[in-house]
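J.: Pasting a predicted model and its sequence here:
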Amino acid sequence: MLKNLIKTGSIDLDTYEVLKLNGDIDKVEALLQGQVTSDISELANNNAQMSCLLDHKGFIQAEILAEAKA
């Protein structure tokens, strides 16, 4: 059943943007934790997880790939 959730291939990135947050890692993590649907504290360096970006009412604004870089 889970095999159907993961597909390999390429993605057209013309409509994607990169958001890079610099600063104190604890403050960056606290900011993101309240804005996305995944548990940011579970990200290790060079790993990623699918998530959604929410607005102030909790409505989905964008699907994102949250990635941790050292």
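T.: Received, thanks.
J.: Quickly run through the sheet partners of whichever strand or helix holds Q61, with directions.
T.: Taking DSSP states H and E as the criterion, Q61 maps to strand 60-67. Using DSSP bridges, the strands paired with strand 60-67 are strand 48-54 (antiparallel).
J.: any idea of the mean pLDDT for the partner strand?
T.: On average, the pLDDT along strand 48-54 is 82.
J.: List of residues touching that strand?
T.: Here strand 48-54 makes contact (C-beta atoms under 8 Å, 6 or more residues apart in numbering) with 35-38, 42-43, 60-68. The way it works is simple: take the backbone N, C-alpha and C, and place the C-beta from them, glycine included.
J.: Kindly write the ChimeraX command that selects the buried subset of those residues.
T.: Restricted to buried positions by 16 or more other C-beta atoms under 10 Å, the ChimeraX selection for the contacts of strand 48-54 reads:
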select :35,36,38,43,64,66
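J.: now, which of the contacts of strand 48-54 sits nearest K20?
T.: Checking the contacts of strand 48-54 against K20 by C-beta to C-beta gives E67 as the nearest, at 10.1 Å.
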